[in-house]
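Q: Below are the sequence and a predicted model for it; my questions follow.
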Amino acid sequence: MLFVLQLAFGVFGPNPISDLFERVIVFLPSLVVAIIIIVVASAIAAAVKTLIDGTIGGLAYGTTIANIASAFVLFLGIVAALNQVGVATTVTTPVLIAILATVAGILIVGVGGGLVRPMQQRWESYLTTAENEVPRMREHAAAAPSVREQAQRAGARGQARTTPGEAAATDSSLGSGSAQDTPRS
């Protein structure tokens, strides 16, 4: 419809309305790419959150780390989408640089400050806590279901929503191999 309107107004020669339609038509592909970037970033953020939450979610700080990682991935996707469209690039790029510089500065001062006496004591307590936490994390990760088991559970939930005839057809199309015969990785 936009192409037809552009052609129709183009009959009258160069005019502001034709220019407006031309700019809108040129803008549409960038908008579609930005939407795709946001959808992909959302999917990746959800996957990161599920992966981290499934691995260390049972620990006291596991869910917090999963939420922070998910929000960071989503933030990067939104910044990329805004830059793709060309909206607020003068704002988003400096904000992104400021956030990354702040994180880098905190790490540099924190790691570099490890030789200062109070920071040295804190680092020792952090490392001691981390050493005590490693066996718990290993136990929790070992007890977490494997990717194959999670997929089987999701498939079982999906089959519960299908009719018995559909489930039988799906089972027969999967073949005789069993996922239980393969070792867990």
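A: Yes, it's here.
Q: Can you name the residues that contact the spatially most central residue of the chain?
A: When CA atoms, centre = their mean is applied to the chain, the residue found nearest the centroid is Ala45 (1.8 Å). Residues in contact with Ala45 (CB atoms under 8 Å, 6 or more residues apart in numbering) are Ser70, Ala71, Val73, Leu74, Gly77. For the C-beta atoms, the positions are set from N, CA and C on the backbone; glycine is no exception.
Q: just for this structure, where's the confidence low?
A: Filtered on pLDDT under 70, the chain yields the residue ranges 2-3, 5-7, 9-10, 113-117, 157-185.
Q: ok, and what's touching stretch 103-122?
A: With CB under 8 Å, 6+ apart, stretch 103-122 has contacts from Trp123.
Q: okay, now Ile108: neighbour count?
A: Burial of Ile108 is recorded as 10 neighbouring residues (other CB atoms under 10 Å).
Q: where's it, which helix or strand?
A: Element membership of Ile108 [criterion: DSSP states H and E] is helix 89-112.
Q: in that helix, what's buried?
A: By neighbour count on 16 or more other CB atoms under 10 Å, the buried set for helix 89-112 is Thr92, Leu96.
Q: Same question for stretch 31-40.
A: Ala34, Ile37, Ile38.
Q: Helix, strand or coil: sort out the first one for me.
A: Put plainly, it is Ala34. helix (DSSP: H, G, I helix; E, B strand; the rest coil).
Q: pretty sure it contacts Ala81?
A: Yes - the pair Ala34 / Ala81 is scored as a contact, 4.0 Å apart, by CB atoms under 8 Å.
Q: Neighbours of Gln84, how many?
A: Counted with other CB under 10 Å, Gln84 comes out at 19.
Q: can you give me the strands for the protein?
A: Counting by DSSP state E, the chain forms no strands at all.
Q: Would you state the helices of it in chain order?
A: 2-10, 16-56, 62-85, 89-112, 117-143, 147-160, 164-174 (DSSP state H).
Q: what about Ala66, how many neighbours?
A: With other CB under 10 Å as criterion, Ala66 counts 20.
Q: let me fix that: Trp123
A: Neighbours of Trp123 using other CB under 10 Å come to 16.
Q: contacting residues for Glu153?
A: No, residue 153 isn't Glu; it's Arg. Contacts of Arg153 (CB under 8 Å, 6+ apart): Pro145.
Q: With Ala141 as the reference, measure out to it.
A: Taking CB to CB, to the nearest Å as the measure, Arg153 falls 18 Å from Ala141.
Q: All set now, cheers.
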